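A predicted structure for the sequence below; I have some questions about it.
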Amino acid sequence: MKMDLLIRGATVYTQDAGRRVLPRADVAVKDGKIAEVGDTLHCEAERILDGTGKFLFPGMVNTHVHIFQSLLKGVGADHNLMEWIQLCTSRYGPKMTPRFQRAAARLAIMECLKSGVTTLTEFFYTQQDPDLVPVIIEEMEHLGIRGIVVDAAYDCGTEYGTPAGYLHPAMDNIKRTERLCKRYHTPEHPNIRIWAGASMPWTTTEENLRLIAEFSRETGVPYSMHTLETDDDNELNLKTRGQPLVPFLEKIGFLSERFLAVHCVKLTQDEAEVFRRYDVKINYNPMANAYLGSGIPPMALLKKRGLTLSMGTDGAASNNTSDMLETLKAGLLLQKAQAKRANVLSAQDMLDFATCSGAAAVHQQAFTGSIEAGKSADLFLFDPDFLRSTPVVDPVATLMYSSSQENIAATIVAGRVVYERGAFACGLTEQEVVAQAKAAAAELLSL
């Protein structure tokens, strides 16, 4: 049988259950899936990628992004979260239009692809315009990334600066999510999934939180929410609901294996145990947590407890890039510095968070997150032959500590080479997308 793609002679980091590493192996791809992995496969292919001297990894899963923020890099710099929200996202988010959203989406998605990301979870909350989500999904499909869109609800919180245009009645929020699911969970959109969600605990009523959990139980659709990013979550929950956040979420039935909790900076040991009991999934955004002065979440503790952990760049206004490689390095170093132990988390741990564990966190482990026959061919090819990354003693350590976007030789999603050596299969060039984004950002910031 003739293959669509053959990657020949790479060192393959399978990230399977045994974390097998296959030196000088071939990976054959047919109809978007990995057909075979092994030594010197004897098959023909429409296209061959030379992996000699390179390392092949599963594509990375970015489990938390706000795409519109790509036009707001540097806005509100050097302020803590609540101040930053007022200066940056609450000021400019309501001004997003489909035209601005398209420019932001191209910028963010292309940078993700260029840094080895094959699955992107967009946490969408600029709910003033129903045409914004379709634009994001159009660009995900055009650029070739696997996409999840969290339809994050607001129905209160104007006293904390939430723009009024984001707010909709609780039942309207659920109906909107349901409509998006019906529209995009079809064979015409095989690489797109819609999730439910709430933006923040203090911008969502108890009624809405209960409806989200109920919708998820009935449909199996996962959901996400910013959770314990700062002390404000507990303080405001105590003020308005008389309980810290985690006990409150447990009481109303919000915790489940379908819940992806974003940030978890202020999560205590006892709360981590509660999350473990419910199999809550965790997202870690080290760059944003550091940039906004929020703190460092207890990732080593959460790993020890057996929780499913994942990595996110967060929005580019609080990072200030969509570069997954930079995020991984920062995430590891912050954990080591906080614990004052260099071995508190390893490079292999972080590779797990970004691939197989990240895929499990977004409920896609059945077809992505590892290099195994039958799974989707979501991969990136790493070329170490650059000043920054030479010499290589341990390729996983090189990936985590000595890499940059120049090392990504190719990014492959569902068997399609969507990025290779500076060129994108969609036909857009980096230069034209940069020009579009600069013009869009200048116009947006002038409003």
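Perfect, I can see it now.

ok, for Thr97, nearest residue in space, not its chain neighbours?
Spatial nearest neighbour of Thr97, chain neighbours left out: Asp129 (6.9 Å); criterion: Cβ to Cβ, 6 or more residues apart in numbering. Quick note: C-beta positions are derived from backbone N, CA and C, even for glycine.

And Asp39, by the same measure?
Looking at Asp39 with Cβ to Cβ, 6+ apart, the closest residue is Ala25, at 5.9 Å.

Show the contacting residues for the one you found.
Applying Cβ atoms under 8 Å, 6 or more residues apart in numbering, we find Ala25 in contact with Gly9, Ala10, Thr11, Val12, Val37, Gly38, Asp39.

Among those residues, name the buried ones.
For those, a neighbour count by 16 or more other Cβ atoms under 10 Å gives the buried set as Gly9, Ala10, Thr11, Val12, Val37.

Can you name the residues that contact the fourth one?
I take that to be Val12. Applying Cβ under 8 Å, 6+ apart, the residues near Val12 are Val21, Leu22, Ala25, Val27, Val37, Phe55, Leu56, Ile371.

What is the subsequent helix or strand relative to the helix or strand where the fourth one lies?
Same thing as Val27. Assignment of secondary structure by DSSP states H and E places Val27 within strand 21-30. Going down the chain from strand 21-30, the next helix or strand is strand 33-38, by DSSP H and E.

Just the buried residues of whichever helix or strand comes after that following strand, please?
As assigned by DSSP H and E, the chain's next helix or strand after strand 33-38 is strand 45-50. For strand 45-50, a neighbour-count test (16+ other Cβ under 10 Å) marks Ala45, Leu49 as buried.

before we move on, the earlier item: tell me which of the buried ones among the contacts of Ala25 fall in strands.
Gly9, Ala10, Thr11, Val12, Val37 (DSSP state E).

Closest to Gln243 out of these?
Nearest to Gln243, judged by Cβ to Cβ, of those is Val12 at 48.8 Å.

Report the beta-bridge partner residues of that closest one.
Leu22, Leu56 (DSSP bridges).

Quick check: it vs Ala28, distance?
12 Å (Cβ to Cβ, to the nearest Å).

intersection of neighbour lists for those two?
Common neighbours of Val12 and Ala28 (Cβ under 8 Å, 6+ apart) are Val37.

Leu381 - that's part of a strand, no?
Yes - looking at Leu381 with DSSP: H, G, I helix; E, B strand; the rest coil, it is inside a strand.

show me what contacts it?
Going by Cβ under 8 Å, 6+ apart, the list of residues near Leu381 reads Ile7, Ala10, Leu49, Gly51, Lys54, Phe55, Leu56, Ile408, Ala409, Ala410, Thr411, Ile412.

cool, and Ile412?
Here Ile412 is in contact with Leu5, Val29, Gly59, Thr118, Ala377, Asp378, Leu379, Phe380, Leu381, Val418 (criterion: Cβ under 8 Å, 6+ apart).

looking at those, which has the most residues close by?
Asp378 (32 neighbours; other Cβ atoms under 10 Å).

So what's the predicted local confidence for that one?
Note on Asp378: pLDDT of 98.

just use 560 as the starting number from now, easier for me
Sure thing, new numbering starts at 560, so read that last one as Asp937.

in terms of contact, does it touch Thr677 like I think?
Yes - counting by Cβ atoms under 8 Å, Asp937 touches Thr677, with 4.0 Å between them.

could you show me where the helices are in the stretch 860-1006 of the chain, in order?
883-898, 906-913, 915-920, 954-960, 989-1005 (DSSP state H, counting those that start in this stretch).

same check, this time on the stretch 610-759 of the chain
Using DSSP H, counting those that start in this stretch, helices in the stretch 610-759 of the chain cover 640-646, 648-651, 657-673, 691-702, 729-743.

of all those helices, which gets the most neighbours per residue?
helix 657-673 (a mean of 24; mean count of other Cβ atoms under 10 Å).

Take it, keep the C-alpha atoms, and write them as CSV.
Listed in CSV are the C-alpha atoms of helix 657-673, where the atom choice follows Å, rounded to 0.1, in the frame of the first residue of the first chain:
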residue,chain,number,x,y,z
PRO,A,657,-14.6,39.6,13.0
ARG,A,658,-11.9,41.5,11.1
PHE,A,659,-9.7,42.0,14.2
GLN,A,660,-10.4,38.4,15.3
ARG,A,661,-9.2,37.0,12.0
ALA,A,662,-5.9,38.9,12.2
ALA,A,663,-5.4,37.8,15.9
ALA,A,664,-6.3,34.1,15.0
ARG,A,665,-3.7,33.9,12.2
LEU,A,666,-1.0,35.4,14.4
ALA,A,667,-1.7,33.1,17.4
ILE,A,668,-2.3,29.9,15.5
MET,A,669,0.7,30.3,13.2
GLU,A,670,3.0,30.9,16.2
CYS,A,671,1.5,27.8,17.9
LEU,A,672,2.2,25.7,14.8
LYS,A,673,5.7,27.1,14.5
